Structures are given as C-alpha cells and as structure tokens.
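Peer 1: quick one: sequence plus predicted model below, questions after.
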Amino acid sequence: MKTAIITGASKGIGAVTALRLNELGYSLVLNYRNDTSSMSELINKFTRKNTKNITIQCDISNYKDAKKLIDEAYENFEHVDVLINNAGITKDNILPLMTEEEFDRVIDTNLKGTFNCCKHISKRMIRQKYGRIINISSVVGLAGNAGQVNYSASKAGIIGMTKSMARELGKKNILVNAIAPGFIQTGMTDRIPEATRSEMVKNIPLQRLGRPSDIADVVEFLISNKSSYITGQVLSVNGGYYM
Amino acid sequence: MIFEKIRAILVEELNVEEENVKPESKIKDDLGADSLDLFELINKVEDEFDVSIEEDDYDKLITVGNMVDYINKIKKNA
C-alpha cells in the first residue's frame, strides 16, 4: 500500500489530485488550513473505501506545524512514498500598492511552506531511501504576471528549490520535480474577471483553460514507475500558453 | 564498545578500511564523508544506540572520537 501527503488538499488541484490518488489505491494524508467542510466533502467522494486516509488541519507556512504534519503522517503510516506540495495562496496587487504583508503572506505559504514540508520529510525519505516529491509551481513563476509579483516570486523560488533538492537527494533515490500549471479552472482563477479570462484563452494554443485533472494526470505520471529517470525538472502543463 | 560499533558503521557506510578509522580520524576530511553522508551516519548511530542527536550538535561531530564521546555522554545522562 502506497502513501502520499498532499498539502492544500481541500480544493482545486489538490482535491482533484487527492481523488485521483485515491482511485489509484493510495492511502492519503490530506492537509488543509481551514476549509473543514470541503475536506469532508472530498473524503465522501472517494471511490475506494478500503484505503486509510487521515486529514490534518494546520498551516504549513509555520515551521513547527509542518513538522507536526510530517510527524503525524509517519505515526499513522510506516512510510510515505509521495509528498505533493500543493498548498498555495494569492494576494494580487500591482507593485506600487502591494503591501509588505501581501508579499510576506504569499512567500510564507507558497515558498516557505514548501521548504518546511520538504525539509521535515527529507530526513524520513533519506532513511527509507525512497521518495517522490512534487512541488506545484506555476506558469507565472516562469513567465511572470502583472499583479502577481509576490506569487510569481514564490513560484519561481519553488523551481530553484526543486532543482537544488533534486541535486542533493538524487543519490538517496529521492526524485524531486515541479509542475508548472498554466491557467487551470479552480477557485483561484474564478476570481479573474470574465473579460480577462476570455482574453487569456485567446493566447492559449489549445484554446481552453486547463482542468485540474490535466494536472492530476501529470502527478500520476511523476509518481509512477514510468518517470523513474526524471528529477529536477519543471513540467509545464499550460496548453502551450508559455513555451 | 561504542567505538567499535561506530567504526563498524563507518566501515560499512563509507567503504573505508577498518584500520583507517581511528578516534582522531576526521569523518569528512579523512574518511571522505560529505554532509549528506554524515547525516546518514548520524541516523545509523542514533538507531544503533537508540539515542537522538540534536541537529545543533552535528557541527561538533568532527572526528570519530567526538562521536564516541557524544554517545558516551548521552548514555551516562540517560
């Protein structure tokens, strides 16, 4: 039985990825920060009922909370095969108006949160001499985006971190990759005004927004045996929006 | 006894000759461990002696003798 931890699992890409991993028979450690009702709705949707799943409410931007998440996962399961660092927030603003708090909050959750979880699980994965870590970055970390100085910095930071971690941990049989989703239909992109969104779609060669399942497909590939020679990479899943 | 056990771990993990592992041997400089190797060695030593070595103390474990002394100290205080 394989086990995976997913951060920010209550909604969006995290939730759809959780459903996919449940279908694949994974036991799941599902982290969320505050949306308890979405979390229980998600568990109710699981089709495979014979897997053991736990939910852990905590804020991964907090170093100690993140340690607790990893520790609790290992108290419940002998080993963890996969960590998916998916938790992320936006606090968009144009640069001259962006507050220090808006900048810090986004960096703390997206970048430091990813570091926190990776740091704490690395010790365990080194011991078990196996692991797959997938960090959810963004096309915005590669291409930039007006109004998202904080978010793009956090997502670009994740890419650098992914590459360094892949170099460090490769010889311990721990593979670390990033996925850079384009514009995916989730609560996060629902906030974009309709006019802006249709304008965005025009610039996507595949002429549609991405679906969360498009990302889950790539997660499935990266945790499978079919990607065992891939580490330190950024897989862009963006319909051709950025090449 | 503690030295012998630690030596055995070093011999196995770092692929070094037993006679080259002395109390004064520096784990990184003399025995060729890199930082990640040292981290794994500490894991093995923790498992072997059922102790926990504080992360802040890793820097103090330069020689094989440092490691032996460290374990001795924990065991005495336990």
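Peer 2: Cool, the structure landed.

Peer 1: residue contacts, the residue of chain B found nearest chain A?
Peer 2: Using C-beta to the nearest C-beta, B:N43 is the residue of chain B that sits closest to chain A, at 5.8 Å. (Each C-beta comes from the backbone N, C-alpha and C, glycine too.) Taking C-beta atoms under 8 Å, 6 or more residues apart in numbering or on different chains, we find B:N43 in contact with A:K123, A:I126, A:R127.

Peer 1: for those residues, pick the one with the most neighbours.
Peer 2: A:I126 (20 neighbours; other C-beta atoms under 10 Å in any protein chain shown).

Peer 1: isn't that residue right up against A:K172?
Peer 2: Yes: A:I126 is within contact range of A:K172, at 5.0 Å (criterion: C-beta atoms under 8 Å).

Peer 1: mutual contacts of these two, please.
Peer 2: B:L36.

Peer 1: so A:R48, which state does it fall into?
Peer 2: The three-state assignment at A:R48 reads coil, by DSSP: H, G, I helix; E, B strand; the rest coil.

Peer 1: contacting residues for it?
Peer 2: A:N22, A:E23, A:G25 are the contacts of A:R48 under C-beta under 8 Å, 6+ apart.

Peer 1: any idea how far A:I133 is from it?
Peer 2: Remark: distance between A:R48 and A:I133 (C-beta to C-beta, to the nearest Å) = 24 Å.

Peer 1: re the thing from before, just the contacts of B:N43 that are near chain B?
Peer 2: Among the contacts of B:N43, the residues that sit close to chain B (C-beta under 8 Å from any C-beta of the partner chain) are A:K123, A:I126, A:R127.

Peer 1: I'd like those as CSV, with secondary structure and distance to A:F115 appended.
Peer 2: Below are the ones next to chain B among the contacts of B:N43 laid out as CSV (DSSP: H, G, I helix; E, B strand; the rest coil; distance: C-beta to C-beta, whole Å):
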residue, secondary structure, distance to A:F115
A:K123, helix, 14
A:I126, helix, 16
A:R127, helix, 20
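
Peer 1: which one of those sits closest to A:A15?
Peer 2: A:K123 (28.3 Å; C-beta to C-beta).

Peer 1: wait, A:M98 touches A:Y151, no?
Peer 2: No: A:M98 is beyond contact range of A:Y151, at 10.4 Å (criterion: C-beta under 8 Å).

Peer 1: neighbour count: those two, which is higher?
Peer 2: A direct count of neighbours by other C-beta under 10 Å for A:M98 and A:Y151 places A:Y151 higher, at 24 against 17.

Peer 1: which ones are touching that one?
Peer 2: A:T90, A:K91, A:D92, A:V106, A:N110, A:S138, A:V140, A:N145.

Peer 1: from A:I43, how far out is A:E220?
Peer 2: Distance from A:E220 to A:I43, by C-beta to C-beta: 20 Å.

Peer 1: what do you get for A:E199?
Peer 2: 37 Å.
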